[in-house]
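Enquirer: build me a model:
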Amino acid sequence: MKKILLIGQNGQVTTYLQRVLAGDYELEVMGRNDLDLSDVASIEKVLEACDPTLIINPAAFTAVDLAEEQQESAFTINRDAVAAIAAYCARRNTPLIHFSTDYVFAGDGDTPYLESDTPAPTGVYGQSKLEGEAAIFDSGAPAIVLRTAWVYSNHGKNFYKTMLNLAESRDQLSVVGDQIGAPTYAGSIADATKQLVEKILLQGGLLDGQAGLYHFTCQGQTSWADFAKAIFVENEVNNINVNSITTKEYPTPAKRPAYSVLNVEKITQTFGISLPHWGTALAYCAAESKAR
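Expert: So this is what the prediction gives:
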């Protein structure tokens, strides 16, 4: 049985990947106690001992505002650790699937970003993830980098859960309405990633022209305010009013992109894989919520 190393244990994407991959593969899941990404010097030894057929890395320093304060930690985990993983994969010719973010873009456009568009991150988180991408490609590793966005689920801390929790004690919420993106359900990311894993392992690795950068979000676009309204509709929460406010009215330490929708055609053209429309995926997430 092919051995997959999944880096990270309790994050949203890793949680759903464990669900969809367990049983079909020999899955080794390494949390911080097994593989400490802040201890870059230890990474090679741990990977050598594991000797996986394929590595999936959704783990990252994802606290966008905290990254402004803890810049060294953000770059260590999102760039230096990634460089060490990629170097191992390059030496061993081990396929790597790594997750990145829409925050590599400035967000000053109004049409979905292509993989070929020039990044211009506005914060430490986006810059550290962008430098992690560059480290992978500089290494020559057989790698796929998947940029995703606005990830939510029934697990961990995220916008979806925050909205539902706040609705239990409030009847009014003010939510930013001038940031546009594609909410992406972690369960949909996991399902599509499993398809990608199956294709890579079936063909014995990455074929010519398959390695590289791909945008990997649900389809369509919306604002945070309209996403919140949709969350309440899908979960039959009728006693709350959402007020749309501007980014200026809700300042944060890190600047967010005003528009970070990603064009997702390349992953479909290359691998025949696509994630559902964000509204469809939200319905899946809400159904899971009700079943819990």
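Enquirer: not counting its neighbours along the chain, what's nearest residue 185?
Expert: Nearest residue to residue 185 in three dimensions, chain neighbours excluded: residue 281, at 3.9 Å (C-beta to C-beta, 6 or more residues apart in numbering). Yep, even glycine has a C-beta here, placed from its N, CA and C like the rest.
Enquirer: doesn't residue 189 make contact with the one you found?
Expert: No: contact status for residue 281 versus residue 189: not in contact, 9.3 Å apart, counting by C-beta atoms under 8 Å.
Enquirer: list the residues that contact both of the two?
Expert: residue 275 (C-beta atoms under 8 Å, 6 or more residues apart in numbering).
Enquirer: then residue 242 would be within a strand, right?
Expert: Yes: counting by DSSP: H, G, I helix; E, B strand; the rest coil, one finds residue 242 located in a strand.
Enquirer: wait, it touches residue 173, no?
Expert: Yes: under the criterion of C-beta under 8 Å, residue 242 makes contact with residue 173 at 5.3 Å.
Enquirer: more neighbours: which of the two?
Expert: Neighbour totals were compared for residue 242 and residue 173, and residue 242 leads with 21 against 18 (other C-beta atoms under 10 Å).
Enquirer: please compute how far the host helix or strand of residue 129 lies from its chain's middle.
Expert: Taking DSSP states H and E as the definition, one finds residue 129 inside helix 124-139. Put simply, helix 124-139 sits 14 Å off its chain's centre (C-alpha atoms, centre = their mean, to the nearest Å).
Enquirer: contacts for that helix, please.
Expert: 60-64, 67-68, 71, 74-75, 77-80, 82-83, 86-87, 89-90, 96, 98, 100-101, 103-105, 119, 121, 143, 145, 212-213, 254.
Enquirer: what are the boundaries of the strands in the stretch 51-200 of the chain?
Expert: 54-57, 96-101, 143-148, 151-152, 172-176, 180-181, 184-185 (DSSP state E, counting those that start in this stretch).
Enquirer: for those strands, which one ends up most surrounded?
Expert: Scoring the strands of the stretch 51-200 of the chain by mean neighbour count under mean count of other C-beta atoms under 10 Å gives strand 184-185 as the most buried, with a mean of 28.
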